[in-house]
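# the following block contains a protein sequence and its predicted model.
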Amino acid sequence: MLKPVEETKSTSESFPLISVIIPVYNVQQYLRECVSSVLAQVYSNLEIILIDDGSTDESGKLCDEFALSDERISVFHKTNGGLSRARNYGVEHCHGDWILFVDSDDYVSPVYVEALWTAVESRHCNMAAFAFSLPFQDGDVADLAQSMSDVRAAGDIKVLPAKDYIDNLLYRYYDTGAYCCLYRREELISHPFPDMVFEDAATVYRIAYDAEEIALIPCNNLYAYRNRQGSIMNKGVSYRLVDSAIRLGRRVYDDMNRWYPGDASAAASCGFSITRVVLLKTTGYDVKLRRALWHELCSYRHDLLMDKRAKKIKRFAAAASYLGMHSFIALSRAMNHFTR
């Protein structure tokens with residue numbers, strides 16, 4: 001079982017400095033809840049880095065107000081460059097040897113940091129993670145763990161070989177969000193977030209490969225992930241979105257074939273899934289984008305269809321792709337409607 005931890009404020013003498021990086025862009029209605037949840041951590045030896053990524057609302061002003069209220073908070077204002085650049089900027093300017101990321105429209109359990117640090121420290125790993133965040137609809141309240149007793153009640157910490165953890169990421173059995181993991185700063189320096197959509201999925205698995213072993217916490221209510229209309233995956237299709245999906249699939253497939261020759265089935269599942277998601281967002285007017293995505297999707301479908309470790313619904317989708325693009329899109333949309 002997880003080693004009991006005293007639920008009192010931790011001290012710098014016994015715990016290392018952990019940097020929590022929060023990129024901020026036009027989230028004035030959510031920012032206070034997010035930052036307050038980080039300030040309320042049981043693990044207190046924190047450095048909180050707020051990166052105002054060129055906000056045009058009151059978010060930047062709020063960041064400055066937070067910095068005046070708590071000496072652990074540092075604020076950086078920069079021109080808008082996107083989530084990846086904001087995170088990388090935070091990594092460059094933070095001081096902790098360990099780093100966490102929190103999205104500024106989300107919020108965290110008071111033992112979010114404590115649980116992840118306890119996992120890496122007790123299992124002597126270079127990375128810790130939990131399998132899932134807790135999604136909630138904008139306007140609702142997420143039921144998060146309130147103590148380390150809640151974390152311990154979820155079960156034992158497992159130590160997974162990198163290959164097992166990566167496969168679970170690529171099969172989408174685990175959440176690929178960067179906020180699910182505690183990282184060594186040096187790994188984030190070596191593997192900066194690429195300038196693309198799906199930057200988390202393109203980065204976390206590479207850091208896991210270098211870590212060799214990952215301490216996995218079975219508690220999945222440490223991080224509240226807000227579903228809202230303004231998120232990029234709830235917007236329409238764009239060339240950048242299509243290009244990112246194709247780049248991600250190829251990046252993962254090439255890496256997995258290099259690291260594990262002859263065992264890249266999980267990468268095929270990832271490539272098929274991400275191109276399918278974006279393909280279903282297209283319309284009949286997006287002819288060139290559809291063709292590019294369809295060509296990419298078809299390159300993964302045979303490996304996925306033959307892979308017994310993949311989810312059955314995904315293997316069914318791979319089989320359905322042999323009906324042709326238009327039939328596949330219609331069937332996939334119907335499947336999505338009935339499985340919501």
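Arrived safely, thanks for sending. Numbers count the residues shown, from 1 in each chain.
# can you pull the buried residues of stretch 183-198?
For stretch 183-198, the neighbour count (16 or more other Cβ atoms under 10 Å) marks 183-185, 187-188, 191-194, 196-198 as buried. Every residue, glycine included, has its C-beta placed from N, CA and C.
# for stretch 219-233, same thing?
Burial within stretch 219-233, assessed by neighbour count using 16+ other Cβ under 10 Å, is assigned to 219-226.
# report the distance from that stretch to the chain centre.
Counting by Cα atoms, centre = their mean, to the nearest Å, stretch 219-233 is centred 10 Å from the centre of its parent chain.
# ok, stretch 165-181 next?
Centroid separation for stretch 165-181 versus its chain: 8 Å, with Cα atoms, centre = their mean.
# buried ones in stretch 15-35?
By 16+ other Cβ under 10 Å, the buried positions in stretch 15-35 come out as 15, 18-27, 30-31, 34-35.
# strands - which of those land there?
Those of the buried residues of stretch 15-35 mapping onto strands are 18-24, per DSSP state E.
# now, which of those sits nearest residue 292?
Residue 292 lies nearest to residue 23 out of these, by Cβ to Cβ, at 29.4 Å.
# hang on, that closest one packs against residue 104?
Yes - Residue 23 is within contact range of residue 104, at 6.4 Å (criterion: Cβ atoms under 8 Å).
# longest helix anywhere in this structure?
Using DSSP state H, we find that the single longest helix of the chain is helix 239-259.
# after it comes which helix or strand?
Following helix 239-259 in sequence order, the next helix or strand is helix 265-279 (DSSP states H and E).
# please identify the buried residues of the helix or strand following that following helix?
Following helix 265-279 in sequence order, the next helix or strand is helix 287-305 (DSSP H and E). Neighbour-count burial for helix 287-305 flags 289-290, 292-294, 296-301, 303-305 (criterion: 16+ other Cβ under 10 Å).
# now render the buried residues of stretch 219-233 as TSV, adding distance to residue 118.
As requested, the buried residues of stretch 219-233 are exported to TSV (distance: Cβ to Cβ, whole Å):
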residue	distance to residue 118
219	11
220	16
221	16
222	12
223	16
224	20
225	22
226	26
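# just the residues you listed: which are in strands?
Counted as lying in strands by DSSP E, out of the buried residues of stretch 219-233, are 223-226.
# closest to residue 141 among the residues you listed?
Once Cβ to Cβ is applied, the member of these that ends up nearest residue 141 is residue 224, at 8.4 Å.
# ok, and the closest non-adjacent residue to the closest one?
Nearest non-adjacent residue to residue 224, counting by Cβ to Cβ, 6 or more residues apart in numbering: residue 142, 3.5 Å away.
# list the contacts of the one you found.
With contact set as Cβ atoms under 8 Å, 6 or more residues apart in numbering, residue 142 has these partners: 107, 134, 136, 221, 224.
# show me the helices in the stretch 1-150 of the chain, by range?
Using DSSP state H, counting those that start in this stretch, the helices of the stretch 1-150 of the chain run over residues 28-39, 59-69, 83-93, 112-123, 148-153.
# now the first one: average pLDDT?
Helix 28-39 shows an average pLDDT of 97 in the prediction.
# doesn't residue 183 fall inside a strand?
Yes - under DSSP: H, G, I helix; E, B strand; the rest coil, residue 183 sits within a strand.
# verify the stated contact: it with residue 98.
Yes - Residue 183 lies in contact with residue 98 (Cβ under 8 Å); the separation is 6.9 Å.
# which residue ranges of the stretch 51-200 of the chain form strands?
In the stretch 51-200 of the chain, the segments counted as strands under DSSP state E, counting those that start in this stretch are 73-78, 98-101, 107-108, 127-130, 134-137, 158-161, 181-184.
# low-confidence stretches in the stretch 201-340 of the chain?
Low-confidence segments of the stretch 201-340 of the chain, defined by pLDDT under 70: 230-235, 337-340.
# next one: phi and psi at the residue nearest to residue 150 when sequence neighbours are not counted?
Spatial nearest neighbour of residue 150, excluding adjacent residues (Cβ to Cβ, 6+ apart): residue 219 at 7.0 Å. With angles defined as degrees, to the nearest 10, residue 219 sits at phi -80, psi 120.
# wait, doesn't residue 219 sit right on residue 129?
No - taking contacts as Cβ under 8 Å, residue 219 lies outside contact range of residue 129: 11.1 Å.
# if we can go back for a sec, in TSV, list the helices of the stretch 1-150 of the chain along with distance to residue 272.
Below are the helices of the stretch 1-150 of the chain laid out as TSV (distance: least, Cβ to Cβ, whole Å):
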stretch	distance to residue 272
helix 28-39	33
helix 59-69	37
helix 83-93	24
helix 112-123	31
helix 148-153	35
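# for residue 279, find the nearest of those.
Among the helices of the stretch 1-150 of the chain, helix 83-93 sits nearest to residue 279 (Cβ to Cβ), with 23.1 Å.
# could I have the CA atoms of the closest one written out in PDB?
Backbone C-alpha positions of helix 83-93 (Å, rounded to 0.1, in the frame of the first residue of the first chain) are rendered in PDB as follows:
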ATOM      1  CA  LEU A  83       0.400  26.400 -25.300                       C
ATOM      2  CA  SER A  84       3.600  24.500 -26.200                       C
ATOM      3  CA  ARG A  85       5.700  27.700 -26.300                       C
ATOM      4  CA  ALA A  86       4.200  28.900 -23.000                       C
ATOM      5  CA  ARG A  87       5.000  25.600 -21.300                       C
ATOM      6  CA  ASN A  88       8.600  25.500 -22.700                       C
ATOM      7  CA  TYR A  89       9.100  29.100 -21.500                       C
ATOM      8  CA  GLY A  90       8.000  28.100 -18.100                       C
ATOM      9  CA  VAL A  91      10.400  25.200 -18.100                       C
ATOM     10  CA  GLU A  92      13.300  27.500 -19.100                       C
ATOM     11  CA  HIS A  93      12.500  30.000 -16.300                       C
END
